[in-house]
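[1] Quick one, what's the 3D model for this:
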Amino acid sequence: MRITTAQRFELKYLIRYEQQQAILADLHEFLEPDTYGDAQGGYAITSLYYDSPDYKAYWDKIEGQRFRRKVRLRVYGDERVTPETAVFVEIKQRRNRSVQKKRARLPYASAITLDEYDRIAADANPDDRRVLEEVSYLAETLRLELACVIRYQRLAFNGTDAYPDLRITFDTSLQARTHNLSLLSTSFADDSYFLPPEWAVMEVKINRTAPFWLSSILRTHNAMAYRFSKYCIGLEHCLALRGRQSIVLPAIHQFA
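    Numbering: from 1, shown residues only. Predicted structure coming up:
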């Protein structure tokens with residue numbers, strides 16, 4: 001059983017394919033594939049992000065605001081999304097170094113209508129109601145609108161019984177689009193890769209200090225921690241917003 005808390009720490013690393021394979025080999029005895037994925041812990045993720053007309057969520061990241069929130073809809077798997085498909089409405093919140101994710105589940109047709117959340121929340125369970133009411137507040141005060149779709153493939157692993165709060169993921173085939181902002185669409189031909197295919201984003205999520213053996217493995221394979229956002233990189237790639245010096249990492253400048 002994986003143990004998580006409301007507040008977790010999240011570290012991100014940009015690594016090449018060879019590093020990913022070497023790290024996975026060394027981590028094998030400490031991790032188990034996520035049972036929600038396939039036998040290897042793999043599954044697809046598609047996220048539809050909201051932002052204000054002046055891209056507040058983007059600039060909060062660029063400027064290093066200590067408290068910031070993003071609103072998104074998220075779908076797991078490759079199945080075609082219909083109006084009845086259950087999706088997650090999520091608020092990803094960062095306060096200083098800790099990260100909190102709050103979410104509720106709705107049919108896509110209801111989830112896409114943020115201005116209806118107050119009405120929907122009235123019939124929801126208490127936990128979902130709090131999330132929907134917070135999204136409704138953010139949607140009204142920030143005038144949230146559709147901003148970007150981010151898609152990628154994920155390999156996810158959880159710690160064994162000795163490390164039940166540990167979760168490590170590897171994200172590849174990262175793509176974005178700022179047109180046709182509907183998850184109902186099955187036309188992904190125009191999605192654009194914003195990281196070269198030989199690169200992966202590794203994320204380490206844990207409730208407490210990372211174990212020494214994990215730090216040692218990451219040092220052995222020269223995995224360097226970076227602070228960046230898939231949403232921000234994808235938005236920059238599609239819209240050429242001027243935060244590139246803060247978000248796009250020196251390691252991939254040669255591919256720009």
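[2] Can you tell me the element the nearest residue to residue 191 once chain neighbours are set aside falls in?
    Nearest residue to residue 191 in three dimensions, chain neighbours excluded: residue 175, at 4.1 Å (Cβ to Cβ, 6 or more residues apart in numbering). For every residue, glycine as well, the C-beta is placed using N, CA and C. According to DSSP states H and E, residue 175 maps onto strand 167-177.
[3] centre of the chain versus that strand, how much separation?
    Distance of strand 167-177 from the chain centroid (Cα atoms, centre = their mean, to the nearest Å) equals 8 Å.
[4] Okay, now the sheet partners of it, with direction.
    The pairing partners recorded for strand 167-177 under DSSP bridges are strand 145-159 (antiparallel), strand 192-193 (antiparallel), strand 199-206 (antiparallel).
[5] what does the second one contact?
    Spelled out, that is strand 192-193. Outside strand 192-193, the residues that touch it by Cβ atoms under 8 Å, 6 or more residues apart in numbering are 173, 174, 175, 176, 177, 237, 238.
[6] Can you go through the residues you listed and name the buried ones?
    174, 175, 176, 177, 237, 238 (16 or more other Cβ atoms under 10 Å).
[7] out of these, who's nearest residue 46?
    residue 175 (9.5 Å; Cβ to Cβ).
[8] The closest one contacts residue 152, doesn't it?
    Yes. With contact defined as Cβ atoms under 8 Å, residue 175 reaches residue 152; the gap is 6.8 Å.
[9] Measure how the longest helix along the chain sits relative to strand 145-159, angle-wise.
    Counting by DSSP state H, the longest helix found in the chain is helix 126-142. When axes from the mean of the first three to the mean of the last three Cα atoms, to 10 degrees is applied, the directions of helix 126-142 and strand 145-159 differ by 140 degrees.
[10] Show me what helix 126-142 packs onto, helices and strands only.
    With contacts taken as 3 or more Cβ pairs under 8 Å, 6 or more residues apart in numbering; DSSP states H and E, helix 126-142 sits against strand 67-76, strand 86-95, strand 98-107, helix 117-121.
[11] Columns mean pLDDT on top of these, output as a markdown table?
    Conversion of those to a markdown table gives the following (pLDDT from 0 to 100):
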| stretch | mean pLDDT |
| --- | --- |
| strand 67-76 | 96 |
| strand 86-95 | 94 |
| strand 98-107 | 93 |
| helix 117-121 | 93 |
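[12] Residue 210: which of those is closest?
    By Cβ to Cβ (comparing all of those), the closest turns out to be strand 98-107, at 14.0 Å.
[13] Could you list the paired strands of that closest one along with their orientation?
    Sheet pairing of strand 98-107 (DSSP bridges) gives strand 8-16 (antiparallel), strand 86-95 (antiparallel).
[14] quick revisit: please produce a markdown table containing the buried ones among the contacts of strand 192-193, extended by pLDDT and distance to residue 115.
    Formatted as a markdown table, those follow (pLDDT from 0 to 100; distance: Cβ to Cβ, whole Å):
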| residue | pLDDT | distance to residue 115 |
| --- | --- | --- |
| 174 | 95 | 31 |
| 175 | 94 | 29 |
| 176 | 93 | 25 |
| 177 | 92 | 24 |
| 237 | 87 | 29 |
| 238 | 87 | 25 |
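[15] Redo these as JSON lines? Include distance to residue 199.
    Output for the buried ones among the contacts of strand 192-193, formatted as JSON lines (distance: Cβ to Cβ, whole Å):
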{"residue": "174", "distance to residue 199": "8"}
{"residue": "175", "distance to residue 199": "13"}
{"residue": "176", "distance to residue 199": "14"}
{"residue": "177", "distance to residue 199": "19"}
{"residue": "237", "distance to residue 199": "13"}
{"residue": "238", "distance to residue 199": "18"}
